[in-house]
Every structure is written in C-alpha cells, then in structure tokens.
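> attaching a predicted model along with its sequence, questions to come.
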There are 2 protein chains.
Amino acid sequence: MRAVDIIRRKRDGGALDRGQIEFVVRGVTGGTLPDYQASALLMAILLRGMTPEETAWLTDAMVRSGVTVEYPDVDGIPVDKHSTGGVGDKTSLILAPLAVAAGAIVPMMSGRGLGHTGGTLDKLESIPGFRTALSLDDLRAAIATIGCALIGQTSDVAPADRKLYALRDVTGTVESIPLICASIMSKKIAEGIGGLVLDVKTGSGAFMKTLDDSRALARSLVGIGEASGVRSEALITRMDTPLGTHVGNASEVIECVEVLKGRGPEDTRELSIALAARMLIVSQVEADADGADRRIRGVLASGAGLEVLRTVIENQGGDPRVIDDYALLPSTPDEARIIARGSGYVELESEGVGRAAVALGAGRSTLDDVVDPGVGVEIVARTGTQVRAGDVVLLVRHRGGRGLDAARELLDHAITITDGPPPAPSLIVERVMHG
Amino acid sequence: MRAVDIIRRKRDGGALDRGQIEFVVRGVTGGTLPDYQASALLMAILLRGMTPEETAWLTDAMVRSGVTVEYPDVDGIPVDKHSTGGVGDKTSLILAPLAVAAGAIVPMMSGRGLGHTGGTLDKLESIPGFRTALSLDDLRAAIATIGCALIGQTSDVAPADRKLYALRDVTGTVESIPLICASIMSKKIAEGIGGLVLDVKTGSGAFMKTLDDSRALARSLVGIGEASGVRSEALITRMDTPLGTHVGNASEVIECVEVLKGRGPEDTRELSIALAARMLIVSQVEADADGADRRIRGVLASGAGLEVLRTVIENQGGDPRVIDDYALLPSTPDEARIIARGSGYVELESEGVGRAAVALGAGRSTLDDVVDPGVGVEIVARTGTQVRAGDVVLLVRHRGGRGLDAARELLDHAITITDGPPPAPSLIVERVMHG
C-alpha cells in the first residue's frame, strides 16, 4: 500500500477502504507516514468529504491508536457529555455533579478553550489547586470511589487524534465535519463510556451557524457513537447569545455553584438539567424522560449535586472552600462598563462576547497564551432586556487594561438595541437520535 | 503573514495575492515553510485551481527563486522548445540542430523520462561520452561559440520548482494545470530565452487526453510565457500513436540522425520541421511562416542541420562518429516479435508502447532506476498499415528477457486490428497563440 495512492483516491473524490484508513492512522501514530503526506490527505478529505462508513472507520482506527480505558470495578454504564463549543457554555460543571448525584458514572474528559469558545479545563483550573491532569490509574480510582472525574485528555488516549489535530491546526484543515467527528468521538469512545449526550450548538456564536449544518454534525456524531456501541444522542441548542450571565473562567465557576445552590440564571440551569437527564437515559439509570427530569431536579433541590462537586474538587486537589467563599477564586479589581447607546431591547451576539473575553485574557489566541482566570464579561442586561440609553449592559473585568480597547470595540459591536423585543426562541431546538 | 491563512484562503476557493505567493515560494526555497504546509496548499491548489494571474505570479516567483541565465555575448533572441511528453517523441534532437543551422540560438534544457513518456536527456546520454550536466559557464560558452547546448536543468535554475516537484510527486499533487504550467515555464524562463515553442500533446498517449484539456494547457502555458516577456506559441499535436518508428533511447537517436540525413519516418520529420520553423518565427529569425519553413527545409536538405548535431555532440564530450556508425551506440542482441493476431489494419496505441519500453528498461519506474539505452520497441507496422495474421507488427529489443513478459502483454493490448483503415487525422491539430 502506498500513501500517495490513498491521497490520489481521496483527491479524486473516491471513498477509502478500511485497510487504507487503518494504514494512514497507523502511519500517523507510529511516525511512518510523513506529515506532508498526512496534510495533503487531510486537505483532500476536507474538500472531498468522507462517507459515514469512512468516518466510522477513521474514528475506530483513532480509538485503537491508543488505550481504551476500562472500569472493571464499576457496576453501570459510564456516561459523558460533549459540547461543540459556545460562549458562556459552562454546563459540564453543573450536569456532571447532578448526573453523578442521580446515580450515573461520569468519567469526563474535557478540552481547553478554542477560538472564541471556552473550555472546561480552563474553568476547572481557576479553582486553586485543582489538578486536571490525572493518570489513568487516578481516573479509575476516582470513578471507583466517587463515580466522577473531570480531567483532560491523557496521552494514552487516541494519540493519533492529538497528532492529527496539531497538524490540522497549522494546515487549514480544522473545518471538516468528518475530521471533527472522528476527533471528538475517538476521544470519547476511548474513555470507555457506554453512553454519550452531545450538545450541538447552532447559531451565530456556534461553529455551525445554520440548523441544517448543526443537524448534519449531530447526526454524524450520533451515528459514529452508535456504530461503536456507545448509546448516543444529541440536543441541538441555540448559541446566538451567551449562555447564562458570565463569560470568563472563575466567574463561570461561580455561576455553576450558584446554579447548584438552586439559584443562577434560568437558561444555564435548564440546559444543564436537560443534558443531565438525557445522560441518565443513555446510561440506563432511568428508563423514561419524566423520571430522569424528576430525579435530576431532585438532586439539585436537595443539594446532593453541590456535594458531589465538593467531593470532586477535593478529590482532584482543589480547595473546596471556594464553594462557600467565592473570594478564594481569582478575580481582578479592574472593571469597565459597556452602556446602551440607545433605548430599547438588548440583543447580545455571542461570538463578539467570546472574542472580547479572549482579548481580555480569558482564552487563548495561540496555544502558548496563558489564561487569566480572573478576567471576563458579566452580562447585566441580557438579550430581551429593556434598557434606556446610558444603562449598563455589560461589566468588563480586565487586568490593568490588557485587551480592554479590543474588547470594548468587540462588545460595542455585539450589542444591538432594537425597538421591539427580539424573538425568544426555545434554547433547545430538537433532539437527534440514531436512525 | 501566516502560512495557515494562505492555505485557508486557497482552500475556500479564493485567489492569492502576489505577496502571498512570493511568501510561499520564498518559504519553500529557503526551507522556512514546512513541507506539511506546502503540501496542504498544493492539494488545495489542485482542487481549487488558480487564476491565470496567480499562475503567472507563481511562475515568476519560482523563476526568481534561482538565477536567470543571461547570454551577454550573444546577438539574437535565444529560443527553446518544450514538449508535454509523448511516446517516441524525439523531435528535440532534430529541431534544435535545424533551428541553429537556420540561424537560431538554442540553449535547450531538457528533462528525463517520466511515466510512460521518454526524456531528451536519456536519449542524449545513449551517445557514448555525451555530458548533459554542463555548468552555467559551459552553457554560456557553448551558446557563444556554436549557438546550441542540449543540457539538463542545473541546480541554480528554479530551485523552488525542484523542491515543489519532489513534494508533488509524493503527495498526489502532480496533475494540476497551474502547477504544471508554473513548473514548466519557470525552468524555461530562467534559461534566459526570449522565444518558446510548446508541443502540447493530445490524445490517448498524452498527459491531456482531450482536445479541450490540451487547449486549456496550451493557452495557460502561452499566456504565462507572454506575461514574462517570452514570445510563446503552442502547437497541439496528436499523441494517439507513437511518433516515428522507434521507441527506446539509442534507437531514437538513430531515427533522429536518419531524419537529419534526409531519411527517416515522415511524421517525425514533418513535426520537427514545423516546430523548428515556429522557433525561427518566435525568435524573429524569420518574419513569415513560408520563409521559416523554406529555411528549415533548406538546412535539412543541405546537411547543415546534421553538421550542427555533430558539433554539439563533440562540444559536449560525445563521440560524433555515432552519426556515421550506428554500431557505436548501445544495443542488445535479444529480440522478440509481436505479431498480428488477425488480418486488417493496424492501430497502435502509444501509452501501452511507452509502458512496454519502460518495462524493458528504456525508462524509469522510480527515480532510482537505471535506464538501459539499448532496449526498446521498433514499430514495423505502423498505425494504418494493412497486415495479415502472423505478420510482424513490433520488434522488441530486450536484454536477457528483462521485462519481456510485461512488455509483451502491454504491446498485445496496444495493438488493435480493424477491418477498415483507421482514421488518419492530421498530426498537427492547431496552433495556439497569445490573446
């Protein structure tokens, strides 16, 4: 088998067979396929696409490029959630504790912020002492004892994905649905889960701007999961405006704790409950939707979810006192206001808010950037709020003016004041299941 | 400027600007652009194309990646010919001496055989002692004294092309018209020529199988030449059946010498005359087509062309006695016959004959293969010849049976015997000029 023949086949729009895909993934993992051949193939895949079958084979080969975690001491079906990325998208820190409190087993491997979207690991690391880099042994021990771990991808899991992702990042081959799906799903499947709930964002602040594209991505992800024996479903949810009231790492942790205390913004709470309830269904903790919803609302109301978060923080070296004393979390004294330039109803566009947060230091422009957990944007007047000219819409928490000018401009552009109230579509658009 | 942004722009079908193209070529030449980024860009170019303007900029940047040869002591416009490659395509050894005898200056840089097509350098090197690797000083001296040199590409000329070509070969990105055009034309322009005649082959044995594709290639090549101040035109010529009666390096040299002696097959002679005459026009040695044709036929009839070949061979260290004594050229005693399997008219397909010659050792399957100058195929019954079952159609000159089985099968498939005479279209289909 010659790599150049595989590249030419995909270049000409043909489908690769399983052996060819395995040859490529083995070559990438073992370093026998030169990067220049891998990148030519990635570009051909981006421009020519892959069939669902090819995508499933690619995912499977990437899973088998490393270890698949097993949990021999665990009784039950480990379950995870994955979001395609949004602004203020902080549900993991709420739904994982809720699902665990309700009986699920959640070995959650998350990523870092990418582009204008935030990442769960960055949020967790704003908690003093919290370690996201657990070994597989530590992960298994956490699952066996408390049923939950919130960690980063270990180097044992899907090493082919790590190599391909690094190459895609510098060769303009990130934006390919089959490559995105294989990357997401190979990591999730290798975690050893049996159930997966996908939060596929749609709208101006999402990777997929249109509902059609979001549906295609959701169907592809669900199809791959089911083909690998992972019971999978997706909720397509709106990402036109930020989720909740805070964007920025430490402040998002606070918002999550607030929700677990029975407070916090309604949209953050309801989306977290909905996703957690579906996690109970796909992991067969609950058989029907109403029962799952009731059970999640029960552990939220009882405070059992909050106690799971406390245990997880303790177990991973973090300071659990942050739950009761937010002053222990990083912050900044520097604050600026963004005011309404007219009177009417606020419409706040999420991508601009996400980019502003990155400019302030809450995310990374390059992989080497250091995240500042204390900076961010607080949303005082959310989409749909009626304001008068001069009212405060956003509070910008910056550090010594770093990125403030860029953030101001982005945020000014992200705010529209309309005469009538903007449409308020339902946050959850639809559910995508297999078949 | 970031390479990834350039790649993404081309990936999305956009046109690159001159600065972006120069950035890429400088990076390739200087080794600062990683191969994996270059190959992703090459694949995007292959699948998305390039505008004529982009192609001209790419060519120009590749020319300027190395030296441009100048001929300060020469009075006149140096001229060259380039063929897109065929089987039995041996016109260079005839037309260069004819054009020089008629007053042209011909610094000809040629290539080696590629795929099923032969290369001028391999043919020349079948002449004992002939050196094709001249330095630029030797080239300039040859042009100043005898007005002709037949050499290979030196490492000073268009180094970006050499690097990109090596990468294209292993990344499935050879078959792109803009990349092919930039590769061909950058080398030719850097030779320091002011005129160029292109022999663009069309048909089953050509790189371009259809007339439309051949026209597009011809127009692109001519356009780039003219944009660089090189007066360029193309003849589109048929390559459905081999040119002349011999395929194989030493035997093709003999066929050329025969033509220069006023003998040899008509098609080889007439195509060589037509191309040489157009070389006189584009180099302004002659102003009108009839005058150029007459002048070339004159130096053929007088033997002046043959004497130029003799001088060139002597000047480049070869044994000029081969012109009078073909036994001084490499040969092989081993011969096999391919006979007609039925009675009727022969139709001989060129790609199969070219592949058979490669199998016998007349060409290379990989760059490391060593060419055997003595082997090849002699065409006894050409396309259109009436034969009876059992008549010899081809003589296969092999060495000890090397590649003979493969060649036999390819040749059997290359021969069709038809009831009526096959169509005999004109060898020269049309001329493509600028504008």
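Perfect, I can see it now. Nothing here was measured: the structure is a model prediction, and the numbers come from that model.

> kindly export the host helix or strand of residue A:396 (C-alpha atoms) in PDB.
Take DSSP states H and E as the rule and residue A:396 turns out to sit in strand A:392-398. Extracted in PDB, the C-alpha atoms of strand A:392-398 (Å, rounded to 0.1, in the frame of the first residue of the first chain):
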ATOM      1  CA  VAL A 392     -25.100  49.400  31.900                       C
ATOM      2  CA  VAL A 393     -25.300  46.400  29.600                       C
ATOM      3  CA  LEU A 394     -22.000  44.700  30.300                       C
ATOM      4  CA  LEU A 395     -19.400  44.800  33.000                       C
ATOM      5  CA  VAL A 396     -15.900  44.100  31.700                       C
ATOM      6  CA  ARG A 397     -13.500  42.700  34.300                       C
ATOM      7  CA  HIS A 398     -10.000  43.300  32.900                       C
END
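
> OK, now which residue of the stretch 301-435 of chain A is nearest to chain B?
Residue nearest to chain B within the stretch 301-435 of chain A (C-beta to the nearest C-beta): residue A:366, separated by 10.7 Å. C-beta: built from backbone N, CA, C; applies to glycine.

> so that residue is in which element?
Counting by DSSP H and E, residue A:366 is part of no helix or strand.

> and it, what pLDDT?
Residue A:366 carries a pLDDT value of 71.

> burial count for it?
Neighbourhood size, residue A:366 [other C-beta atoms under 10 Å in any protein chain shown]: 5.

> got the end-to-end distance for stretch A:118-127?
16 Å (C-alpha to C-alpha, to the nearest Å).

> which residues does it contact?
A:85-90, A:92-93, A:108, A:110-113, A:130, A:132, A:150, A:152, A:247, A:249-250, A:252-253, A:256, A:313, A:318-319, A:322, A:329-330, A:354, A:357, A:362-363, A:371, A:373-374 (C-beta atoms under 8 Å, 6 or more residues apart in numbering or on different chains).

> just the ones in strands from those, please.
A:108, A:110, A:150, A:152, A:247 (DSSP state E).

> for those residues, which entry has the maximal number of neighbours?
residue A:247 (33 neighbours).

> OK, contacts around that residue?
So residue A:247 contacts A:87-88, A:118, A:353-354, A:357, A:362, A:376-379 (C-beta under 8 Å, 6+ apart).

> around chain B, which positions in chain A sit nearby?
A:3-5, A:7-8, A:11, A:34-40, A:42-44, A:46-48, A:167, A:169-173 (C-beta under 8 Å from any C-beta of the partner chain).

> leaving out chain neighbours, which residue sits closest to residue A:357?
residue A:247 (4.8 Å; C-beta to C-beta, 6 or more residues apart in numbering or on different chains).

> specify the beta-bridge partners of the one you found.
residue A:377 (DSSP bridges).

> from residue A:266, how far off is it?
17 Å (C-beta to C-beta, to the nearest Å).

> so residue A:162 makes contact with residue A:153?
Yes: here residue A:162 reaches residue A:153: they are 7.4 Å apart, a contact under C-beta atoms under 8 Å.

> find the residue at the geometric middle of chain A.
residue A:83 (3.6 Å; C-alpha atoms, centre = their mean).

> tell me which residues of the helix or strand bottoming out on mean pLDDT in chain A are tucked away?
Ranking every helix and strand in chain A by mean pLDDT, DSSP states H and E puts helix A:159-170 at the bottom, with a mean of 91. Buried positions in helix A:159-170, judged by neighbour count with 16 or more other C-beta atoms under 10 Å in any protein chain shown: A:159-165, A:167-168, A:170.

> who are the packing partners of it?
Secondary-structure packing of helix A:159-170 (3 or more C-beta pairs under 8 Å, 6 or more residues apart in numbering or on different chains; DSSP states H and E): helix A:18-30, helix A:35-48, helix A:52-63, helix A:177-190, helix B:3-11, helix B:35-48.

> check contacts around the residue of chain A positioned farthest from its centre.
Ranked by distance from the centre of chain A (C-alpha atoms, centre = their mean), the top residue is residue A:1, with 37.6 Å. By C-beta under 8 Å, 6+ apart, residue A:1 lies in contact with A:19-20, A:23.

> with respect to chain B, which of these is nearest?
Nearest member of those to chain B, counting by C-beta to the nearest C-beta, is residue A:20, at 13.0 Å.

> from memory residue A:378 sits against residue A:254, does it?
No: here residue A:378 does not reach residue A:254: they are 10.2 Å apart, not a contact under C-beta under 8 Å.

> including pLDDT, could the contacts of residue A:247 go into a markdown table?
Formatted as a markdown table, the contacts of residue A:247 follow (pLDDT from 0 to 100):
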| residue | pLDDT |
| --- | --- |
| A:87 | 95 |
| A:88 | 96 |
| A:118 | 79 |
| A:353 | 97 |
| A:354 | 95 |
| A:357 | 96 |
| A:362 | 95 |
| A:376 | 98 |
| A:377 | 98 |
| A:378 | 98 |
| A:379 | 98 |
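
> most neighbours among those residues, please name it.
residue A:357 (33 neighbours).

> any idea how far it is from residue A:90?
From residue A:357 to residue A:90 the distance is 12 Å (C-beta to C-beta).

> do residue A:265 as well
Counting by C-beta to C-beta - residue A:265 and residue A:90 are separated by 10 Å.

> between the two, which one's more packed in?
residue A:90 (28 against 17).

> ok, the more buried one - contacts?
By C-beta under 8 Å, 6+ apart, the neighbours of residue A:90 are A:118, A:123, A:243-244, A:246, A:252-253, A:255-256, A:268.

> try it again with 7 Å
Residue A:90 sits next to A:123, A:243-244, A:252, A:255-256, A:268 when contact means C-beta atoms under 7 Å, 6 or more residues apart in numbering or on different chains.

> what's the answer for residue A:168, then?
Contacts of residue A:168 (C-beta under 7 Å, 6+ apart): A:42, A:174, A:179.

> let's see it at 6 Å
A:42, A:174 (C-beta atoms under 6 Å, 6 or more residues apart in numbering or on different chains).

> ok, now the one 10 residues further on?
Shown in contact with residue A:178 (C-beta under 6 Å, 6+ apart): A:50, A:55.

> per-residue pLDDT, it?
At residue A:178, the pLDDT recorded in the model is 95.

> go ahead and confirm residue A:88 touches residue A:248.
No: counting by C-beta atoms under 6 Å, residue A:88 sits too far from residue A:248 to count as a contact (8.9 Å).

> for residue A:390, give me its contacts.
residue A:339.

> one more pass at 8 Å, please.
A:339-340.

> mind checking the SS state of it?
The assignment at residue A:390 comes out as coil when based on DSSP: H, G, I helix; E, B strand; the rest coil.

> and the pLDDT for it?
96.

> repeat for residue A:380
98.

> circling back: gap between the residue farthest from the centre of chain A and residue A:42?
Counting by C-beta to C-beta - residue A:1 and residue A:42 are separated by 18 Å.

> ditto for residue A:377
Taken as C-beta to C-beta, the span from residue A:377 to residue A:42 is 35 Å.

> what's the spacing between residue A:113 and residue B:2?
20 Å.

> returning to what we had before: show me which of the contacts of residue A:247 is closest to residue A:340.
Lowest distance from residue A:340 to the contacts of residue A:247 (C-beta to C-beta) belongs to residue A:379, with 12.7 Å.

> surely that closest one is in contact with residue A:248?
No: judged on C-beta under 8 Å, residue A:379 makes no contact with residue A:248 at a distance of 10.7 Å.

> quick check, residue A:409 in a helix?
Yes: counting by three-state DSSP, residue A:409 falls inside a helix.

> tell me, how many residues neighbour it?
Neighbour tally, residue A:409, other C-beta under 10 Å: 14.

> give me the pLDDT value at it.
So residue A:409 comes in at 97 (pLDDT).

> cool, the one 5 residues further on as well?
Residue A:414 is assigned a pLDDT of 97 by the prediction.

> got the contact list for it?
So residue A:414 contacts A:348-353, A:356 (C-beta under 8 Å, 6+ apart).
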